[in-house]
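Visitor: Give me a 3D structure for the following:
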Amino acid sequence: MTLHHVDEGQGPTVVFVHGTPSSSFEFRHVIQRLAPTHRCLSMDHLGFGKSDKPVHGDYSLRAHQERFERFLDEHDVQDAVFVLHDFGASIALPALWARPERCRGIVLLNTFLWRATGPMAWLLSFYGSRLGRWIYRTFNVSVGALLPYAWGRRTPLTPELHAAYQAPLATSDDRRGTAALPGELVGPTLGAMESRVAEVGRWPVRAVWGMADAMVGASELARWRAALPHMPVDALDDVGHFVAEEAPGAVAEAVEALTGRSKHSTRSDTGAREAG
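Guide: As a prediction, the model looks like this:
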């Protein structure tokens, strides 16, 4: 089983953790900016991006957490800034709670640490069923419908960019990872973490938030603010769910605020070193 990752640059370590339906690809512009002065690490979770997509793989949230923790150990991650997007908070935080020395700070990008409630919970429970997962996979709900729905107004989702997100999930079998996660939004693994939101405040935390996100927007930010009232927030009115794509400069600046480093040079988008 191969898990693709990007490892680029030298300096303070920054670990980028994606959710669904993306991969390390979504952070490429932020990595371009930070790599001259930071070591940038980002892994594609199993079933996403350039990582393997086994038909019988374990795509549960718990399995993603375990694989991510092994990734940190394998790459000797200590005293890093973690950039968490979408499912990224729920995937990464157990590894940080277990070994706090891994983390020096956290940047939150339209992410969550609690289960869905209300009518949305019913819909997600349906998508967690066997029939629901089949529909999700067959009709490519995540990339085909939800990605453009949650995009903001600042940076256009061009046909070429949309195609780049669709390419790693070309077939129904390729989408088993994306189809497994909606049901996790009402599952016990995420539910067990809900009471621990305030514990994130043991580290310096900043948020860069797309307020035009139709899925994980203002109400989710309010929950983080209630638990972390002193957290600095860069609320971007015209940015949607994919903050690192739509406002990479703001994300890089939030990281630099936590590491005390700023860039001294620039690189092209193709400069990141990738490994698989």
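Visitor: how about the helices in the protein?
Guide: For the chain, the helices defined by DSSP state H occupy 28-34, 61-74, 88-98, 118-127, 130-138, 141, 147-150, 159-166, 176-184, 188-191, 218-227, 243-246, 248-259.
Visitor: just these: most buried one?
Guide: helix 243-246 (a mean of 27; mean count of other CB atoms under 10 Å). C-beta: built from backbone N, CA, C; applies to glycine.
Visitor: any residues touching that helix, and which ones?
Guide: Contacts with helix 243-246, where a contact means CB atoms under 8 Å, 6 or more residues apart in numbering, come from 16, 26-27, 29-30, 83, 85, 109-110, 151-152, 154-155, 161, 208-210, 236, 239-240, 250-251.
Visitor: Residue 28 versus the closest residue to residue 153 other than its chain neighbours, what's the distance?
Guide: Nearest non-adjacent residue to residue 153, counting by CB to CB, 6 or more residues apart in numbering: residue 238, 4.5 Å away. Note on residue 238: its distance to residue 28, by CB to CB, to the nearest Å, is 21 Å.
Visitor: again, but for residue 48
Guide: Per CB to CB, residue 48 is found 15 Å from residue 28.
Visitor: average pLDDT for stretch 99-108?
Guide: Per-residue pLDDT values over stretch 99-108 give a mean of 98.
Visitor: Apologies, that question was intended for stretch 80-91.
Guide: For stretch 80-91, mean pLDDT rounds to 98.
Visitor: next one: stretch 10-22
Guide: Averaged over stretch 10-22, pLDDT sits at 97.
Visitor: Same question for stretch 222-232.
Guide: Across stretch 222-232, pLDDT averages out at 97.
Visitor: Report the separation between residue 192 and residue 115.
Guide: According to CB to CB, residue 192 and residue 115 sit 10 Å apart.
Visitor: And for residue 77?
Guide: Going from residue 77 to residue 115 by CB to CB gives 28 Å.
Visitor: OK, contacts around residue 100?
Guide: Going by CB under 8 Å, 6+ apart, residue 100 touches 202, 203.
Visitor: ok, of the helices of the chain, where does mean pLDDT dip lowest?
Guide: Among those, helix 118-127 scores lowest, with a mean of 88.
Visitor: What are the contacting residues of it?
Guide: Contacts of helix 118-127 (CB under 8 Å, 6+ apart): 115, 116, 132, 133, 135, 136, 141, 179, 182, 183, 185, 186.
Visitor: got JSON lines for the helices of the chain, with distance to residue 12 too?
Guide: JSON lines is the format used below for these (distance: least, CB to CB, whole Å):
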{"stretch": "helix 28-34", "distance to residue 12": "9"}
{"stretch": "helix 61-74", "distance to residue 12": "15"}
{"stretch": "helix 88-98", "distance to residue 12": "16"}
{"stretch": "helix 118-127", "distance to residue 12": "37"}
{"stretch": "helix 130-138", "distance to residue 12": "38"}
{"stretch": "helix 141", "distance to residue 12": "38"}
{"stretch": "helix 147-150", "distance to residue 12": "30"}
{"stretch": "helix 159-166", "distance to residue 12": "29"}
{"stretch": "helix 176-184", "distance to residue 12": "30"}
{"stretch": "helix 188-191", "distance to residue 12": "30"}
{"stretch": "helix 218-227", "distance to residue 12": "24"}
{"stretch": "helix 243-246", "distance to residue 12": "18"}
{"stretch": "helix 248-259", "distance to residue 12": "4"}
